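Asks: need coordinates for the below:
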Amino acid sequence: MTLAAAGLLSLSCSSSAPGGGGTGGKSTGTGGTVGTGGAPSTGTGGTGTGTGGSGTGTGGSATGGSGTGGIAATGGTIGTGGSTGGHAGSGSGTGGRGPGSGGSAGSGTGTGGTPATGGSGGGGGPVSPGTPMPSAGCGKTSTLTFGTVPGENASGTPGSASLGTGKGGYVKLTSGGSQRGFAMRLPDNYDNNHPYPLFFAFHWNGGDSKAQDTGGDNGYFTAYYGIQRKSKNGMFFVAPDSIGSGWGNGSDSDLHFTDDMVKLISDNYCIDMSNLITSGFSWGGGMSYELACARANTKTNTAGYAFRAAIIFEGANLSGCDGSGKDPIALWQKVGLTDTTCPVNLATPIRDLFVKNNQCTGWTSETGNVAASKTGTTSQEPPRPPNPGQYINPGGHVCTNYTGCSDGHPIRWCVDQSGHGNATTDGSSSLYDECANVSTQNPMGKCAPGCPCTWTPDDIWTWLNDPAVNKYTPNITSTAN
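Replies: Got it, this is the predicted structure:
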């Protein structure tokens, strides 16, 4: 289903914004990043041999060393790194996920079971809200073959504007009788017995898989909206290519393309089917809205999978809302006060739909300052930053956490002073996060107090791992972030 026929695409959310609203880096950057909790592991979880499968042994009290990241054991399997932000569990089950520090990796002697290695050995995906659901590809060797992502230079420097980071490349498949394709990056040190999160990044009008995979002029800093960097390459990342310039979704072609990608990837690799995340900017945000409507509950769709979270930058109802969006889903959403391409009044209906679906009852707003907050009910509009005028820092964005929402369905709504962009910074009208530009400031930009970079990746990463946190996320002022 698409609203292109209604003329909405030509009236708003078109590609006429500079760089099509390129995210981080002119027209090809990607901006934003997901969740926190996936910091690299410096330790190796517990030292025990695992409590195994459904074993009940409690064993010793190894704390997982001082490592961060990795996988916390939940069910007797040994985690490597423990878990902070997440659900390091004990008892029966399979290895829990989510990076963190220390944690409760069991070191008992338990019976049976196999040790969880934590996969990436350094990073990790956002915490799964429940017990991981291994896909059909777990324990198997993939038969997929990779080509070079169109427009990328296979001999280029990974993390630059010319080549994506990590193992993988471009995959072609036939979907709905058409040849389609997507860029994909594997987690570092991939372990086919450990289920990993799967993160989709849909490009804007006029964008492509290369822009998402490389991060454009900002390189690895903003690749996959900055989530690849925040996860320390601890997840599967996918950047699909649209037909034409955007996600028209005629006859639900892009919806079914997504179905085909999920099946192909999950049949060949070990995916945590409880931890699928969709993200997108502008028209890509519209496509993520469609997936939030149509693919949020396996009981109400026939595709056999569901996304657990949607991340939408400057989006609108552009690719449809199949199923009328009746299911709850976790939602992080940002809109700019001065965005005339996809303005605030096109973003609020998305928010309001899921506030209703998620049964939220109120909100708490940070009001742009850690020390100040306001509360309200869902019948009230949360506060926003002042219209520029002056672009202020701090306080250039205000984020609001909705409260009372159904379990596993948090909503965070952010409004900033900017226009149509996702890699925005407080105190500036710029949409391109120039301080992270790797083309002029190698090797990884030059984020500094005098040249800050976008706050959005850090905010999203925190939300994905601990959505109860409601604090002001400042601009990034160091490339160590």
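
Asks: pretty sure R180 is touching F257, no?
Replies: Yes. Assessed by Cβ atoms under 8 Å, R180 is found in contact with F257 at 5.4 Å. Where C-beta positions appear, they are placed from N, C-alpha and C, glycine not excepted.

Asks: looking at the protein, which helix is longest?
Replies: Longest helix in the chain, counting residues (DSSP state H): helix 253-268.

Asks: G320 touches A292, doesn't it?
Replies: No. Using Cβ under 8 Å, G320 makes no contact with A292, being 11.2 Å away.

Asks: quick one: which of these two has more around it?
Replies: A292 (27 against 24; other Cβ atoms under 10 Å).

Asks: my guess is that one meets G325, correct?
Replies: Yes. Between A292 and G325 there is a contact at 6.8 Å, judged by Cβ under 8 Å.

Asks: overlap in contacts, those two.
Replies: Common contacts of A292 and G325 (Cβ atoms under 8 Å, 6 or more residues apart in numbering): F354.

Asks: still on that earlier bit, mutual contacts of R180 and F257, please.
Replies: By Cβ under 8 Å, 6+ apart, the residues touching both R180 and F257 are P240.

Asks: the two - which one has more neighbours?
Replies: F257 (24 against 20).

Asks: ok, so what distance separates the nearest residue to that one once chain neighbours are set aside from D259?
Replies: Closest residue to F257 apart from its sequence neighbours, by Cβ to Cβ, 6 or more residues apart in numbering: S175 at 4.5 Å. According to Cβ to Cβ, to the nearest Å, S175 stands 8 Å off from D259.

Asks: which of the two has more neighbours?
Replies: Using other Cβ under 10 Å, the more surrounded residue of S175 and D259 is D259, with 21 against 18.

Asks: for that one, give me its contacts.
Replies: R295, A303, Y305.

Asks: go on, G362?
Replies: T375, G376, T377, T378, Y402, T403, G404.

Asks: list the residues that contact the nearest residue to it once chain neighbours are set aside.
Replies: In this structure, G362 finds its nearest non-sequential neighbour in T403, 4.6 Å apart by Cβ to Cβ, 6+ apart. Contact partners of T403, counting by Cβ under 8 Å, 6+ apart, are C360, T361, G362, W363, T364, T375.

Asks: which of these has the most neighbours?
Replies: W363 leads those on contacts (other Cβ under 10 Å) with 25 neighbours.

Asks: surely that residue is in a strand?
Replies: Yes. According to DSSP: H, G, I helix; E, B strand; the rest coil, W363 belongs to a strand.

Asks: pLDDT score for the nearest residue to Y269 once chain neighbours are set aside?
Replies: Distance criterion Cβ to Cβ, 6+ apart; nearest residue to Y269, sequence neighbours excluded, is G137 at 4.6 Å. In this model, G137 is scored at 98, pLDDT.

Asks: surely G137 touches L264?
Replies: No. In terms of Cβ under 8 Å, G137 does not count as a neighbour of L264; the distance is 9.5 Å.

Asks: and the helices in the stretch 101-250 of the chain?
Replies: 209-214, 227-230 (DSSP state H, counting those that start in this stretch).

Asks: by mean pLDDT, point me to the weakest helix or strand of this protein.
Replies: Of all helical and strand segments in the chain, the minimum by mean pLDDT, DSSP states H and E falls on helix 8-11, at a mean of 37.

Asks: and the strands in the stretch 151-300 of the chain?
Replies: With strands called from DSSP state E, counting those that start in this stretch, the stretch 151-300 of the chain shows them at 168-175, 178-185, 196-202, 236-240, 271-281.

Asks: please report phi then psi for the residue lying closest to A309 once chain neighbours are set aside.
Replies: Excluding its sequence neighbours, the residue lying closest to A309 (Cβ to Cβ, 6+ apart) is A330, at 3.9 Å. Note on A330: backbone dihedrals following degrees, to the nearest 10 are phi -70, psi 140.

Asks: burial count for A330?
Replies: A count of neighbours around A330, defined by other Cβ under 10 Å, yields 24.

Asks: per-residue pLDDT, it?
Replies: 98.

Asks: could you measure from it over to S406?
Replies: 10 Å.

Asks: then W283?
Replies: Per Cβ to Cβ, W283 is found 29 Å from S406.

Asks: so between these two, which is more surrounded?
Replies: Ranked by neighbour count (other Cβ under 10 Å), W283 and S406 place W283 first, with 32 against 11.

Asks: right, and that one touches S319 too?
Replies: Yes. Using Cβ under 8 Å, W283 is in contact with S319, at 7.3 Å.

Asks: between the two, what contacts are shared?
Replies: W247.

Asks: count the residues that sit near A480.
Replies: Neighbour number of A480 under other Cβ under 10 Å is 7.

Asks: who touches stretch 378-395?
Replies: 337-338, 355, 360-363, 365, 367-369, 374, 376, 396-398, 400, 402, 413, 415-417, 425-429, 452, 472, 474-475.

Asks: about what we covered before: mind giving me the ChimeraX command for buried ones among the contacts of D259?
Replies: To isolate the buried members of those in ChimeraX, using 16 or more other Cβ atoms under 10 Å:
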select :295,305
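
Asks: ok, the contacts of D259 vs F313, which is closest?
Replies: The closest of those to F313 turns out to be R295 (Cβ to Cβ; 19.1 Å).

Asks: and the gap between that closest one and S175?
Replies: 15 Å.

Asks: also G139?
Replies: On the measure of Cβ to Cβ, G139 and S175 end up 26 Å apart.

Asks: shaky segments in the stretch 251-400 of the chain?
Replies: 367-372 (pLDDT under 70).

Asks: show me the helices in it, by range?
Replies: 253-268, 283-294, 344-357.

Asks: name the stretch among those helices that sits most buried.
Replies: helix 283-294 (a mean of 31; mean count of other Cβ atoms under 10 Å).

Asks: quick one: it to strand 196-202, angle?
Replies: 130 degrees (axes from the mean of the first three to the mean of the last three Cα atoms, to 10 degrees).
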